[in-house]
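A.B. asks: Fold the following and give me the result.
(chains A and B)
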Amino acid sequence: MGELRLMKGNEVIAEAAIRCGCDGYFGYPITPQSEVMETLMDREPWNETGMVVLQAESEIASIHMIYGAAASGKKVITSSSSPGISLMAEGISYIAGAELPCVIVNVQRGGPGLGTIQPSQADYFQSTKGGGHGDYRLIVLAPSSVQEMNDFVELGFQLAFKYRNPAMILTDGVIGQMMEKVVLADYIPRLTDEEINEKYGSWATNGRKANRQRNIITSLEMDSGRMEKNNIRLQEKYTKMEEEEVLFEEFRCEDAEYLLVAFGSSSRICQKAVDLAREKGIKVGLLRPITLFPFPKKPIAALAKQVKGMLVVEMNAGQMVEDVQLAAGCAIPVKHFGRMGGIIPSPGEVVEALEQKLIGG
Amino acid sequence: MTEEIIIAGFGGQGVLSMGKILAYSGVMADQEVSWFPSYGPEMRGGTANVTVILSESRISSPVLNEYDTAIILNQQSMDKFEHMVKPGGVLIYDPNGIIHPPKRADINIYKIEGTLIAAELGNVKTFNMVVLGAYLKAKPVVKMESVEKGLQKSLPTRHHYLIPMNLEAVQKGFESLELVQAV
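C.D. replies: This next block holds a predicted model:
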């Protein structure tokens, strides 16, 4: 059993990276996630595990350092917040195209543009539908507690390496800035060069050994026929993720007549809203997607047969609601309630929205 | 038992540290805790607040629209949070700098002369610990020994020589809470 600590979500990302045997962090500071690099610099993991921590000159440089290090089979992570992730979008598309594993943390703030430094979930589309160009997908994990900030770092790496695909931890200023109890993971040693060669030698550009073919990492393919094949291979990978990697959590759904659907910090607010609504005699449950891609379509479709309506609560203008509507079909109303620009909805507001948009209406 | 608290005042008063020490004290007493700050460009002189939740069970929302207890340390915070105390809840305030005292008739109201007491103790920085002591008198959610352990855990070792002075401030605050109105 690991060590119990009281920590901020951002600090935990740093600690979890060190403990899971990460080889490198490359990043650039931005509120509300600057504690990630601050904690790493304070911990000086280069003395302890040999992990490299580097403040690059920009987000664009950071993501391309990730690209290079990931190409050599290293376990690498970066973090930023919304405007910084937009700057990284080109590199993320290249990494997905070149089929390389890495973990990218987005501690979202309100946009568009430079926006605000307060929490938001307005990067759902960017994270799950693209962000960069081309037909690619990220594995997107949405933690709802400081504990999950710890757990999802290693989980993200496991999935990233399993599929050779970038994984994103999509969180926001609430979870990044709040402190909760967390049981830290035990240390996993970093892989040695020999171990990297053994595990990833079939693709990693870690120095060509005798009797081995040249590994080439690229997203470029000038021949359309071959490029289409590359795309088909990527799509097959995403289909496999949809079949095998969906994660979600249900809360008080057994007898629910109405359903709230929310991810990350909104799901915490909705848990309280469920309790408040049930005190008023409204039978409501909560479904929390943990993987935003692959999206939990099946459990939503199943609950659509049970409940009278769904309310999707997000700190944005209505993004995940589209995926919930697709999964639920047309038989029941699927409405959206959201606050924007850094405003966090309160549990009371969610209950009010539920009454107005679904029960009363 | 769940205790939902807002601590609000000026940046520099030690609002966030007070919340942190309270949260650590909860951890030491094996409670579930959450600590969510107003973050961002706040700094000395600006407003600062933190929501702390202590509970026997898993905490749902770290963000709230009503509180069991509000600890109010300036007028802006009084204006913002007085109406967000649950009926029958507790409001504790330091009258220093308060122009409009609380008007609610349906909550328990206490006063703590934190600024004065901290000055008398010879270190104005102990202000937040005086207020913490006063709060623990009104709401004994954690034991004094847990506060001591919380201070040890939250302060870096190089500052541990300050713990006795802080505990004295907590004790002084505990003894100096004044009841204004009980419901």
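
A.B. asks: contacts and neighbour counts: CA atoms only from here.
C.D. replies: OK.

A.B. asks: Which residues of chain A lie near chain B?
C.D. replies: A:6, A:31-32, A:117-118, A:174, A:177-181, A:265, A:268-272, A:344, A:346-348 (Cα under 8 Å from any Cα of the partner chain).

A.B. asks: Try it again at 10 Å.
C.D. replies: A:4-8, A:31-32, A:116-119, A:144-146, A:173-181, A:265-275, A:344-349 (Cα under 10 Å from any Cα of the partner chain).

A.B. asks: Where do the helices of chain B begin and end?
C.D. replies: Applying DSSP state H to chain B gives helices spanning B:15-28, B:75-81, B:114-120, B:127-138, B:144-154, B:163-176.

A.B. asks: Mean neighbour count, these: which tops it?
C.D. replies: Across the helices of chain B, averaging neighbours per residue (mean count of other Cα atoms under 10 Å in any protein chain shown) puts helix B:127-138 on top, at a mean of 26.

A.B. asks: Quick check: mean pLDDT of that one?
C.D. replies: Mean per-residue pLDDT for helix B:127-138: 97.

A.B. asks: Check which helices and strands that helix is in contact with.
C.D. replies: helix B:15-28, strand B:67-72, strand B:85-93, strand B:108-111, helix B:114-120, helix B:144-154, helix B:163-176, strand B:178-181 (3 or more Cα pairs under 10 Å, 6 or more residues apart in numbering or on different chains; DSSP states H and E).

A.B. asks: low-confidence ranges in the chain?
C.D. replies: I'll assume chain A. Along chain A, the parts satisfying pLDDT under 70 run over A:1, A:361.

A.B. asks: Wait, chain B was what I had in mind.
C.D. replies: In chain B, residues with pLDDT under 70: B:40-45.

A.B. asks: Can you tell me which residues in it are near chain A?
C.D. replies: Residues of chain B lying near chain A (Cα under 10 Å from any Cα): B:20, B:23-24, B:27, B:31-41, B:50-53, B:59-66, B:153-154.

A.B. asks: Can I get the buried part of those as one PyMOL selection?
C.D. replies: Applying 16 or more other Cα atoms under 10 Å in any protein chain shown to these leaves a buried subset, and the PyMOL line that selects it is:
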select buried, chain B and resi 20+23+24+27+31+32+33+34+35+36+37+38+39+50+51+52+53+59+60+61+62+63+64+66+153+154
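
A.B. asks: Can you redo the helices and strands packed on helix B:127-138 as JSON lines, where the extra columns are distance to A:Glu322?
C.D. replies: Shown next, in JSON lines, are the helices and strands packed on helix B:127-138 (distance: least, Cα to Cα, whole Å):
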{"stretch": "helix B:15-28", "distance to A:Glu322": "39"}
{"stretch": "strand B:67-72", "distance to A:Glu322": "34"}
{"stretch": "strand B:85-93", "distance to A:Glu322": "37"}
{"stretch": "strand B:108-111", "distance to A:Glu322": "46"}
{"stretch": "helix B:114-120", "distance to A:Glu322": "52"}
{"stretch": "helix B:144-154", "distance to A:Glu322": "44"}
{"stretch": "helix B:163-176", "distance to A:Glu322": "53"}
{"stretch": "strand B:178-181", "distance to A:Glu322": "51"}
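
A.B. asks: nearest to B:Leu136, of those?
C.D. replies: helix B:163-176 (6.6 Å; Cα to Cα).

A.B. asks: Okay, angle between that closest one and helix B:127-138 too, please.
C.D. replies: Relative orientation of helix B:163-176 and helix B:127-138, computed by axes from the mean of the first three to the mean of the last three Cα atoms, to 10 degrees: 50 degrees.

A.B. asks: CA atoms only for helix B:163-176, dumped as PDB, please.
C.D. replies: Extracted C-alpha coordinates of helix B:163-176, given in PDB (Å, rounded to 0.1, in the frame of the first residue of the first chain):
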ATOM      1  CA  ILE B 163       4.600  25.500  16.300                       C
ATOM      2  CA  PRO B 164       4.400  26.400  20.000                       C
ATOM      3  CA  MET B 165       3.700  30.000  19.200                       C
ATOM      4  CA  ASN B 166       1.000  29.000  16.800                       C
ATOM      5  CA  LEU B 167      -0.600  26.600  19.300                       C
ATOM      6  CA  GLU B 168      -0.600  29.400  21.900                       C
ATOM      7  CA  ALA B 169      -2.500  31.500  19.300                       C
ATOM      8  CA  VAL B 170      -5.000  28.700  18.700                       C
ATOM      9  CA  GLN B 171      -5.500  28.300  22.400                       C
ATOM     10  CA  LYS B 172      -6.000  32.100  22.900                       C
ATOM     11  CA  GLY B 173      -8.600  32.200  20.100                       C
ATOM     12  CA  PHE B 174     -10.300  29.200  21.600                       C
ATOM     13  CA  GLU B 175     -10.700  31.100  24.900                       C
ATOM     14  CA  SER B 176     -11.700  34.400  23.300                       C
END
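
A.B. asks: which helices and strands sit right next to that helix?
C.D. replies: Here helix B:163-176 touches helix B:114-120, helix B:127-138, helix B:144-154, going by 3+ Cα pairs under 10 Å, 6+ apart.

A.B. asks: any idea which helix or strand comes after the longest helix seen in chain A?
C.D. replies: Counting by DSSP H, the longest helix found in chain A is helix A:224-244. Sequence order places strand A:248-251 as the next helix or strand after helix A:224-244, per DSSP states H and E.

A.B. asks: coming back round to it: and the longest helix of chain A, what other elements does it pack with?
C.D. replies: helix A:82-97, strand A:139-141, helix A:146-163, strand A:291-293.
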